[in-house]
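Enquirer: All I have is the shape, not the residue letters:
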């Protein structure tokens, strides 16, 4: 950085992982299939990218900051299985870019391994889970607090919309915690590495839109009972809702953080809506 007079930009969440031991652990924890491609989001100066080139079929490294190009090309000199793309990950078609980068005839299976910026962690997670059908797994380092929310169980303060929406799309596994001291510049928080594996079969829903709307509505009113939430949401009589909830094995006095993904699916699939 000194040699190239580069200064990390806070607006893009540039905290570079500099601990070699952690870099090796993350690259290994990706469990890259040698027949799959790897996508790295936010390669920074190429520390993790260099490790990833030892695994998988090829690496596509995507960064928004073109000022990193010279340093990346220097770090990756001689690595013929890596391609660089300077773009906003949230504004590209990732699978199209992968096809273009490696001159593929059609979409191929790939894995993501990345230290993603704290300020756009959630948008990146849902971009990958909602828009990338050939994604096999995503090994992501993120703010520890966000990881705890994704991994939370029912009844806790961390359990909420992020937990359930991630669980709908993927299974989650905590791989390791990473100290803030492993980064430059040093962030104010610790990190964690999760592996998200897209579900082969998602929970059965009559309407995904209705299910997501019910989830959002419920956690916007998380201090209300599920009886009151469902009454407002459906427009049905409270006494009817009370009877249905009891029949479905859901306590009318439960609050949103007490319900499982399956509970919300059951409600979305069976809750009658008032005629317009």
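Expert: Thanks, I have it. For clarity, every value in this text was computed on a predicted model and none was experimentally measured.
Enquirer: Give me the local confidence score for residue 11.
Expert: Looking at residue 11, its pLDDT stands at 59.
Enquirer: And for residue 172?
Expert: What the model reports for residue 172 is a pLDDT of 98.
Enquirer: Which residues does the helix or strand encompassing it contact?
Expert: Taking DSSP states H and E as the criterion, residue 172 maps to strand 170-178. Contacts with strand 170-178, where a contact means CB atoms under 8 Å, 6 or more residues apart in numbering, come from 17, 19, 22, 25-26, 29, 129, 138-139, 141, 144, 147, 150-151, 166, 190-199. For glycine as for every other residue, the C-beta is placed from the backbone atoms N, C-alpha and C.
Enquirer: Pull out the buried residues from that strand.
Expert: 170, 172, 175, 178 (16 or more other CB atoms under 10 Å).
Enquirer: how about those residues in a markdown table, adding distance to residue 114?
Expert: Output for the buried residues of strand 170-178, formatted as a markdown table (distance: CB to CB, whole Å):
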| residue | distance to residue 114 |
| --- | --- |
| 170 | 15 |
| 172 | 16 |
| 175 | 13 |
| 178 | 13 |
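Enquirer: What is the nearest of those to residue 55?
Expert: Ranked by distance to residue 55 (CB to CB), the buried residues of strand 170-178 are led by residue 175 at 15.3 Å.
Enquirer: Poorly predicted segments of this protein, please.
Expert: 1-13, 274-276 (pLDDT under 70).
Enquirer: For the residue nearest to the spatial centre of it, which non-adjacent residue is spatially closest?
Expert: Centroid-nearest residue in the chain, with CA atoms, centre = their mean: residue 125, separated by 2.4 Å. Spatial nearest neighbour of residue 125, chain neighbours left out: residue 166 (6.7 Å); criterion: CB to CB, 6 or more residues apart in numbering.
Enquirer: Helix, strand or coil: sort out that neighbour for me.
Expert: helix (DSSP: H, G, I helix; E, B strand; the rest coil).
Enquirer: That one reaches residue 129, doesn't it?
Expert: Yes - between residue 166 and residue 129 there is a contact under CB atoms under 8 Å: 7.3 Å.
Enquirer: Settle it for me: which of the two has more neighbours?
Expert: Between residue 166 and residue 129, counting by other CB atoms under 10 Å, residue 166 is the more crowded of the two (22 against 18).
Enquirer: So which elements touch the longest helix along the chain?
Expert: Longest helix of the chain, by residue count under DSSP state H: helix 208-220. Contact here means 3 or more CB pairs under 8 Å, 6 or more residues apart in numbering; DSSP states H and E; on that basis helix 208-220 packs against helix 161-169, helix 226-234, helix 261-270.
Enquirer: quick one, the first one and helix 208-220 angle?
Expert: The reference is to helix 161-169. Interaxial angle of helix 161-169 relative to helix 208-220 (axes from the mean of the first three to the mean of the last three CA atoms, to 10 degrees): 150 degrees.
Enquirer: No further queries at this time; thank you.
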